[in-house]
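1. dropping the sequence and predicted coords here.
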Amino acid sequence: MAGDGVTDPDRAECLRMWSETFGSAPPPYLSLGFMTRALHHEAQCKRAGGLPAATRRALAQIAAGRAVRDVPVDPARPGAHYVREWNGRTYQVAVTPGGFVMDGRTWPSLSAIAKHITGTTWSGPRFFGLTRVLG
């Protein structure tokens with residue numbers, strides 16, 4: 001595969017590799033480019049030890065038909081990025097070991113960021129769509 005010193009496979013080879021890697025044929029509408037990227041990603045995950053257990057559980061729940069919004073997430077996992085549009089502006093937050101970074105400033109919590117953005121008290125995880133609204 002590209003990046004490994006080998007050229008990308010043609011469609012027939014990609015279909016064979018997909019079936020070998022994932023255990024079934026891909027959906028018929030997938031492009032060669034998408035399949036190639038998915039195969040690269042899977043190879044990278046295997047080299048790095050696979051996806052974290054929580055990610056595998058969440059993906060399994062989604063694959064079983066559970067709505068994405070109903071799958072619990074870990075809102076404080078370093079490396080995560082959250083995006084929220086509010087009053088026509090898009091806000092991006094990066095989770096770091098030291099807190100939450102937005103616009104070059106580190107915040108102690110998502111709730112502090114939500115209050116800064118809205119001017120009122122909000123649940124930060126709810127503001128960024130990380131909790132399911134009950135009711």
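-> Here it is on my side, so go on.

2. what's residue 17 sitting at in phi/psi?
-> Note on residue 17: backbone dihedrals following degrees, to the nearest 10 are phi -60, psi -40.

3. and if you look at residue 100?
-> phi -120, psi 130.

4. ok, what's across the strand from it?
-> Beta-bridge pairing of residue 100 under DSSP bridges involves residue 95, residue 107.

5. what count of nearby residues applies to it?
-> 23 (other CB atoms under 10 Å). For every residue, glycine as well, the C-beta is placed using N, CA and C.

6. surely it touches residue 106?
-> Yes - the criterion here is CB atoms under 8 Å, and residue 100 meets it with residue 106 at 7.0 Å.

7. quick one, helices of the protein?
-> 11-22, 32-47, 53-63, 110-118, 124-127 (DSSP state H).

8. how about the CA coordinates for the longest one, as PDB?
-> This file holds the C-alpha atoms of helix 32-47, laid out as PDB (Å, rounded to 0.1, in the frame of the first residue of the first chain):
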ATOM      1  CA  LEU A  32     -11.500   2.500  -4.100                       C
ATOM      2  CA  GLY A  33     -10.000   5.500  -2.300                       C
ATOM      3  CA  PHE A  34     -12.200   4.900   0.800                       C
ATOM      4  CA  MET A  35     -11.500   1.200   0.900                       C
ATOM      5  CA  THR A  36      -7.800   1.900   0.600                       C
ATOM      6  CA  ARG A  37      -7.900   4.400   3.500                       C
ATOM      7  CA  ALA A  38      -9.900   2.000   5.600                       C
ATOM      8  CA  LEU A  39      -7.400  -0.700   5.000                       C
ATOM      9  CA  HIS A  40      -4.500   1.600   5.900                       C
ATOM     10  CA  HIS A  41      -6.300   2.600   9.100                       C
ATOM     11  CA  GLU A  42      -7.000  -1.000  10.100                       C
ATOM     12  CA  ALA A  43      -3.300  -1.900   9.500                       C
ATOM     13  CA  GLN A  44      -2.200   1.100  11.600                       C
ATOM     14  CA  CYS A  45      -4.500   0.100  14.400                       C
ATOM     15  CA  LYS A  46      -3.200  -3.400  14.400                       C
ATOM     16  CA  ARG A  47       0.400  -2.200  14.500                       C
END
